[in-house]
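J.: sequence first, predicted model second:
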Amino acid sequence: MLSFSRSGRRQVLAAGTIASWASLISQHSVSFAAENKKNFQLVTDKKDGYEFVYPFGWQEVSIEGQDKVFKDVIEPLETASVTLFPTVKQDIKEFGTPQEVAETLIRKVLAPPTQKTKLIEASEHEIDGKTYYTFEFVAKAPNFTRHALSTISVNNGKFYTLTTGANERRWGKMKEKLHTIVDSFKLFKVYEGN
């Protein structure tokens, strides 16, 4: 009986220690996530039905054919932009697989025909029942290589594309920030009168 109670006491102490560690780790993760988002600004477009975050310090610029564009004032290839095209399709899957759609967009829309492009990865995920395709690619020009991420979806009778990227030489430094931008992109229903 004595050995059972010592064993039980050890289990309780071990469980308490593990619970304390788990609590510290989870608090650290939450505070890290909050701190990470603290360096970003939220943009919500109620008229077109989307939102995303972009890094503090980036400025909004106006570029014809783009709904919204934010860019770093020092590094010209560090940008986040949203484009919208009308569509009668109801779901991104109606355009094809993530790889098919990504390759077509990269080749025909996201990179000039003079640049050599390479699709690195394409995937599909859902947010609130809405399907999104996300992909990573590089576009090589004679004097620079841009490493980029895009996420696309369909909603409100529109085809949405958010693309962000950086010069390849800065990819290691910017990768997490750019993933935060793409991961934050979310569509919502637009109702008449908004």
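T.: Nice, I can see it. Residues are numbered from 1 along each chain as shown.
J.: low-confidence bits of the chain, can you list those?
T.: 1-37, 193-194 (pLDDT under 70).
J.: all helices of it, in order?
T.: 2-38, 98-105, 171-184 (DSSP state H).
J.: how about residue 131, nearest residue that isn't a chain neighbour?
T.: residue 92 (5.2 Å; CB to CB, 6 or more residues apart in numbering). Every residue, glycine included, has its C-beta placed from N, CA and C.
J.: ok, the one you found touching residue 154?
T.: Yes. The pair residue 92 / residue 154 is scored as a contact, 5.0 Å apart, by CB atoms under 8 Å.
J.: re the thing from before, how many neighbouring residues does the residue nearest to residue 131 have?
T.: 22 (other CB atoms under 10 Å).
J.: what do you get for residue 187?
T.: 20.
J.: residues in contact with the residue nearest to residue 131?
T.: 101, 131, 132, 133, 152, 153, 154, 159 (CB atoms under 8 Å, 6 or more residues apart in numbering).
J.: let me know the closest of the residues you listed to residue 167.
T.: residue 152 (22.9 Å; CB to CB).
J.: start to end distance for stretch 132-146?
T.: End-to-end distance for stretch 132-146, by CA to CA, to the nearest Å: 23 Å.
J.: how about it: buried residues?
T.: 132, 133, 134, 135, 136, 137, 138, 139, 140, 145, 146 (16 or more other CB atoms under 10 Å).
J.: please apply the same query to stretch 171-178.
T.: 171, 174, 177, 178.
J.: contacting residues for the third one?
T.: Applying CB under 8 Å, 6+ apart, one finds that residue 177 lies in contact with residue 55.
J.: quick one: it and residue 100, what's the gap?
T.: Residue 177 sits 28 Å away from residue 100, going by CB to CB, to the nearest Å.
J.: what do you get for the last one?
T.: In this structure, residue 178 and residue 100 are separated by 23 Å, where distance is defined by CB to CB.
J.: go through the buried residues of stretch 132-146 and flag which are in strands.
T.: Residues of the buried residues of stretch 132-146 located in strands (DSSP state E): 132, 133, 134, 135, 136, 137, 138, 139, 140, 145, 146.
J.: residue 85: neighbour count?
T.: Count around residue 85 with other CB under 10 Å applied: 10.
J.: before we move on, what about residue 90?
T.: 10.
J.: show me what contacts the nearest residue to it once chain neighbours are set aside?
T.: Spatially, and ignoring its direct neighbours in sequence, residue 90 is nearest to residue 154 (6.5 Å; CB to CB, 6+ apart). Residue 154 sits next to 87, 89, 90, 91, 92, 94, 160 when contact means CB under 8 Å, 6+ apart.
J.: before I go, just wanted to say thanks for your time.
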